[in-house]
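Undergrad: Need coordinates for the following:
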Amino acid sequence: MPAVPADVNYTFNDTELEALKEYGKIVSHAAGELLADEGTTRQDFLVTLSGETHIFAETPEGPKRLGWMEPGQFTGDISVITGAASLVRVVMGKPGELLHINYEQLQTLLVANSALSDIIVQTLTARRAFAHNADHGSVIVIGAPQDRLVFTARDLLSKFGIPHRWLSPETDPLAESLLSAKGIDPADLPVVFRGGSEVLIRPTASEISHAFGFDLLQDGASADVVVVGAGPAGLAASVYAASEGLSVIAIDSGNPGGQAGTSSKIENYLGFPTGVSGQELTERAVIQALKFGVSLTAPVKAASLESKENGFSIGLNDGRTIMSKAVVIATGAQYQRLPLEHIERFEGRGIYYGATPMEAQLCGGSEVVVVGAGNSAGQGAVFLSGSAKKVHVLYRRADIRETMSEYLVKRLEETSNIYLHPETEISELHGVEGADELDDRLVSITHKHRTSGATGTCEAPFVFLFVGARPFTGWLPSDMTCDRTGFVKTGSDLANLDLVKAGWSLERMPSEYETSWPRVYAVGDVRAGSVKRVASAVGQGSVVVSHIHRAIAELSDS
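TA: Next up, the predicted model:
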C-alpha cells in the first residue's frame, strides 16, 4: 500500500472550528456508534471535536480500517460534496463530540466561506486520488474484458471518479473466490460489488447510477437553469451560473465530460503546459460544479422540451419532468458510426469511441486501429502507442496535415509503432467464428485503399473511431431552428423567417447564443458554426450566463 500523503488530512484550528460551528450542530456519541453506513447518500460532514472516529472499508479480505480522525479532523471523501453513496462506514472509535454539518448546510458553507471551502475541497479531492492509488477493493467489477456491460460499468464509475478494481474471471483467481463466497453463478456475470452492502448483477448504467448515488434527481424538480449536457460547455455554464447565484440542474445522457472526457491528453488547452487528460479535466469541473451547488445527474436523457408560462418543462426518457426558467442546450456531438455491416455487434467489444486508460488497459500488447484525421484521433493514437503493439491510423484524406495540428502529426511520424495509412478506410469487420452472443468480439478488420482499391487485413481486435460528428438534437421541438445537418442555429444566424416560424414573441432579437425560442440557449459543439475545441466550448458556456441573467430579469419586469 502506498504511503499516506500529508494532504489527505487536515486539522482545523480553534478559529476555523468556531467558524464551522455556525453551519452545524454538536452531538455526543458513544464508542462503537455507527455514524455513517456504506451506501449513505448526502451524508453529514463530520468534524471530530473530541474522541476519535474510525473509517472502515469492506474489502475482499474483510473489513479494513483505513484510518481515524482525531480532534479537529474531518471524515469523508469527495462523495460528501457530490452527495453520492459513501463507500465506507464511519464508526465512533472513542466516545466524544462531533460537529454534524448536513449536506445542504455544507453546500452553503462551500459557497459562503472561501478559506474553509478550499481546505475541504482540496483535502477531500486528495483522499479520492489516494483511494485510486491505494486500491482497497471496496468497489469491484467482475466480468470478461470485452463484455459490453463491463465496459459500461467501468466507464461510468471512472467518469464519476469512483475507485474500483476490475477482475477478469479468466485470469484473476480472486474473481473465482469472490463469486464462490457470494454464491454467484459465473453465468450471471458481470457483477459490481459496492463494498459489502450491495451486489449488482448484470447492471445497466441506470442501475449503477442509482446504487452509487449519481442520480438523486426528484421528479418535478425545478431550477433557474437546466443545462442539458455535461461536456465542457455544459459544465462551464453550470459552474458560472451557480457561482453567480442561479440554481442549476445539469443532466447528461451519458457520462460527464462529453467527447473531451474521452480524450487521453489535451495539450493545447491554456494553462496546462504539459497537457491534461479529458478525464482529469472532467473530474475537476464536476467537483467545481458540485461545490457551487449544481445538481448533476447522469446518465439520464432529455426526451422533450415544452414551453410553459414563464418557464420550460423538460421531459426525461424515464418519465420524470423538470422545470426551469431558462434552458442551456449543451448536448454536443458524437463521433459517427462507420457505415459497416453489423458494427453495433462489436460496440464495446472491440469498437470504441474514445481512448482512455481503461481502453488502453484492455488492448495492451495487441494491434489497434485508429480511424480519423483530427486532433482527437492523433491524441488517441499517441496515447495507445504506449501500451499497444502497433497502432494503425487510417484516414480518408491524402494529407493528414489538412485536419490535424502539426505538433500531433510530428509526434505520429516520430513514434516507431504508429503506422499512417492515408486514403484508407475499413471495409469489413470480422468477429469470432461461430461464437455465441456472450463470446462474440472483434478479432480483425479488412481495409481498402480508396484510390487503388487494394485491400489488406489487419489482425486488430480493437478499433477506435474518431470520425465525423452528429449532434444530439433529435429530442428538440420541430420549430426550434437547426441547420440542414441538425446543429442548432443561434443569434445572428437566425433569419427573420426562422423567428416567425418559431413564434418568437419578444421585441428584441435573440442574443448571441439564444435559439429561436426565447431563454433557450445552445453552446458548444451542438451549436451551428461553433469551433470544435474544448477552449471554445468552455468560453461559450461561461459567456452565455450573462445572457441568461438578463433574460430571467425580463420575466420579473414583464
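Undergrad: tell me, how many neighbours does the residue lying closest to residue 443 once chain neighbours are set aside end up with?
TA: Excluding the flanking residues, the one nearest residue 443 by C-beta to C-beta, 6 or more residues apart in numbering is residue 461, at 5.3 Å. Placement of C-beta: from N, CA and C, glycine included. Counted by other C-beta atoms under 10 Å, the residues lying close to residue 461 total 23.
Undergrad: go on, the one 5 residues further on?
TA: Neighbourhood size, residue 466 [other C-beta under 10 Å]: 28.
Undergrad: I'd say it and residue 376 touch.
TA: Yes - judged on C-beta atoms under 8 Å, residue 466 makes contact with residue 376 at a distance of 4.6 Å.
Undergrad: helix or strand for residue 15, which one?
TA: helix 14-20 (DSSP states H and E).
Undergrad: helices and strands around that helix, which ones?
TA: strand 96-101, helix 114-134 (3 or more C-beta pairs under 8 Å, 6 or more residues apart in numbering; DSSP states H and E).
Undergrad: again, only this time at 10 Å
TA: Packing partners of helix 14-20 (3 or more C-beta pairs under 10 Å, 6 or more residues apart in numbering; DSSP states H and E): strand 45-48, strand 96-101, helix 114-134.
Undergrad: Report the buried residues of the longest one.
TA: When neighbours are counted by 16 or more other C-beta atoms under 10 Å, the buried residues of helix 114-134 are found to be 116-117, 120-121, 123-131, 134.
Undergrad: Which one of those residues is nearest to residue 201?
TA: The nearest member of the buried residues of helix 114-134 to residue 201, counting by C-beta to C-beta, is residue 131 at 24.8 Å.
Undergrad: wait, what's in contact with the closest one?
TA: For residue 131, the residues meeting the contact criterion (C-beta atoms under 10 Å, 6 or more residues apart in numbering) are 8, 57, 66, 77-78, 87-88, 138-139, 161-164.
Undergrad: between these, which has the most around it?
TA: Busiest of the contacts of residue 131 [other C-beta under 10 Å] is residue 88, holding 28 neighbours.
Undergrad: Let me see the contact set for that residue.
TA: 36-38, 40, 43, 54-58, 63-67, 75-77, 79, 131, 136, 138, 195.
Undergrad: a strand runs through residue 429, doesn't it?
TA: Yes - assessed with DSSP: H, G, I helix; E, B strand; the rest coil, residue 429 lies in a strand.
Undergrad: what residues are up against it?
TA: 338, 340-343, 345-346, 350-351, 442-446, 463.
Undergrad: Pretty sure residue 517 sits against residue 501.
TA: No - the criterion here is C-beta atoms under 10 Å, and residue 517 misses it with residue 501 at 11.3 Å.
Undergrad: If you count surrounding residues, which of these two has more?
TA: residue 517 (23 against 14).
Undergrad: Using PDB, list the CA coordinates for stretch 175-184.
TA: Included here for stretch 175-184 are C-alpha records, laid out as PDB according to Å, rounded to 0.1, in the frame of the first residue of the first chain:
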ATOM      1  CA  ALA A 175     -12.700 -13.300  -9.000                       C
ATOM      2  CA  GLU A 176     -13.500 -17.000  -8.600                       C
ATOM      3  CA  SER A 177     -13.200 -16.900  -4.800                       C
ATOM      4  CA  LEU A 178     -15.400 -13.800  -4.500                       C
ATOM      5  CA  LEU A 179     -18.100 -15.300  -6.800                       C
ATOM      6  CA  SER A 180     -18.000 -18.500  -4.800                       C
ATOM      7  CA  ALA A 181     -18.200 -16.700  -1.400                       C
ATOM      8  CA  LYS A 182     -21.200 -14.800  -2.600                       C
ATOM      9  CA  GLY A 183     -22.900 -17.700  -4.300                       C
ATOM     10  CA  ILE A 184     -22.900 -16.100  -7.700                       C
END
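Undergrad: any residues touching that stretch, and which ones?
TA: So stretch 175-184 is contacted by 60, 137, 140-143, 165-170, 172, 185-186, 188-189, 191, 193, 196, 199, 201 (C-beta under 10 Å, 6+ apart).
Undergrad: got it, and stretch 492-512?
TA: 307, 477-483, 487-491, 514-521, 523, 527-529, 540, 543-544, 546-548, 550-551, 554, 558.
Undergrad: buried subset of the residues you listed?
TA: Buried among these (16+ other C-beta under 10 Å): 307, 480-482, 487-491, 514-521, 523, 527-528, 540, 544, 547-548, 551.
Undergrad: before we move on, the earlier item: which residues are in contact with both of residue 466 and residue 376?
TA: 259, 262-263, 335, 353-355, 370.
Undergrad: Turn these into a markdown table, columns for secondary structure, distance to residue 384 and pLDDT.
TA: Below are the shared contacts of residue 466 and residue 376 laid out as a markdown table (DSSP: H, G, I helix; E, B strand; the rest coil; distance: C-beta to C-beta, whole Å; pLDDT from 0 to 100):
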| residue | secondary structure | distance to residue 384 | pLDDT |
| --- | --- | --- | --- |
| 259 | coil | 17 | 80 |
| 262 | helix | 12 | 75 |
| 263 | coil | 12 | 78 |
| 335 | coil | 16 | 77 |
| 353 | coil | 14 | 88 |
| 354 | coil | 11 | 85 |
| 355 | coil | 6 | 87 |
| 370 | strand | 7 | 97 |
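Undergrad: most neighbours, which of those?
TA: For these, neighbours tallied by other C-beta under 10 Å; top is residue 370, 31 neighbours.
Undergrad: and the longest helix for the chain?
TA: helix 534-557 (DSSP state H).
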